[in-house]
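S.K.: Just to be clear, the model below is a prediction. Sequence and coordinates:
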Amino acid sequence: MKVKKSKILLISISFLFILKLLTFTIYAQNTMDNDSLKSKLNELQYYVTQQKGTEHPFTGKYWNFFQKGKYVCVCCGTELFESDTKFNSSCGWPSFFGSKFEENIRYQRDTSYGMERTEVLCKKCGAHLGHVFNDGPKPTGIRFCINSASLKFIPLDSINK
Ligand code: FE
């Protein structure tokens, strides 16, 4: 009976130790990820993608930019949009009426600032991208309103190389 008790104790201690180690590893990994993101992104990119910020309209790199190519997540490089679905919405942010890479996009209800909106995020890394609205052009009727700071443009020429 005594042996059994000490065995149970030993197993419990081992279990707790492994759990502690695992928690620490996850914590260290997150800190590392956050540090590497901070060094990789500029202040605005970090604010938009990690703190759900919004760049000022008509100030971003891509609101008035219509070259052929695709847009990837500035944080993790996941494909998000392509120039074929980009349109000039005159709202001051890059706008898309759809995405060929729908499987890489995550949606989340956003009730901040007293508004009811749908937030758009990178499915892979969770970066905040912008919002999606139902006032887009045909054929989809939707408008992805995305921050330039959350995107990186890859020109078509360099994709085909
Ligand atoms: Fe990402």
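M.R.: Ah, there it is.
S.K.: What residues does the protein have near the ion?
M.R.: Residues of the chain lying near the ion by CB under 5 Å from the ion: 73, 75, 76, 78, 122, 124, 125, 127. All C-beta atoms are positioned from the backbone trio N, CA, C, and that covers glycine.
S.K.: burial of residue 111, as a residue count?
M.R.: Using other CB atoms under 10 Å, residue 111 has 9 neighbouring residues.
S.K.: Kindly apply the preceding question to residue 24 instead.
M.R.: That count, for residue 24 with other CB under 10 Å as the rule, works out to 10.
S.K.: So for residue 122, what's the pLDDT?
M.R.: Reading off the confidence values, residue 122 has pLDDT 98.
S.K.: what residues are up against residue 66?
M.R.: With contacts defined as CB atoms under 8 Å, 6 or more residues apart in numbering, the neighbours of residue 66 are 83, 86, 88.
S.K.: Kindly confirm my reading that it is in a strand.
M.R.: No: secondary structure assignment (DSSP: H, G, I helix; E, B strand; the rest coil) places residue 66 in coil, not in a strand.
S.K.: Quick check: it vs residue 155, distance?
M.R.: Applying CB to CB, to the nearest Å, the value for residue 66 to residue 155 is 12 Å.
S.K.: about what we covered before: just the buried subset of the contacts of residue 66, please.
M.R.: A residue is treated as buried here by neighbour count (16 or more other CB atoms under 10 Å); on that basis the buried members of those are 83, 86.
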